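**Student:** Pasting the sequence and the predicted model now:
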Amino acid sequence: TFKPDAITVPVGARIVWANDDDIPHSIVETTGKFHSPALDTEDTFSFTFDKAGTFEYFCGLHPHMKGKIVVAP
């Protein structure tokens, strides 16, 4: 699972996802705004949110894993 699975951040925030699991995962935004490669254990992926909105994402390898980032103006 993503921990936390939902957060609120200000415009301009840079989010870093880190894979602390022993299997690969990826980060895929549902409308294609960002997409990570497969992340092995201890790999990271980051994205800077330059616009307000709600961004939902999932693991491309395990689609049942979901998360959401709300970017406030």
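**Tutor:** That came through fine. What you see is a predicted model; the values in this text were computed from it and never measured.

**Student:** Show the pLDDT at the most centrally placed residue in the chain.
**Tutor:** The centre of the chain sits closest to Ile27, judged by CA atoms, centre = their mean, with a distance of 5.0 Å. With respect to pLDDT, Ile27 scores 98.

**Student:** Next: the one 10 residues further on.
**Tutor:** Pro37 is assigned 98 on the pLDDT scale.

**Student:** Checking it next. Helix, strand or coil?
**Tutor:** coil (DSSP: H, G, I helix; E, B strand; the rest coil).

**Student:** quick one: contacts for it?
**Tutor:** Ser26, Phe45 (CB atoms under 8 Å, 6 or more residues apart in numbering). From N, CA and C alone the C-beta is placed, and that goes for glycine too.

**Student:** again, but for Val71
**Tutor:** Thr8, Val9, Pro10, Val11, Ala13, Phe49, Lys51, Ala52, Gly53, Thr54, Phe55.

**Student:** Counting neighbours, which bits of the helix or strand containing it end up buried?
**Tutor:** Element membership for Val71 (DSSP states H and E) is strand 66-72. By neighbour count on 16 or more other CB atoms under 10 Å, the buried set for strand 66-72 is Gly67, Ile69, Val71.

**Student:** Relative to Phe34, which of those residues is nearest.
**Tutor:** Nearest to Phe34, judged by CB to CB, of the buried residues of strand 66-72 is Ile69 at 10.3 Å.

**Student:** Cool, thanks, talk later.
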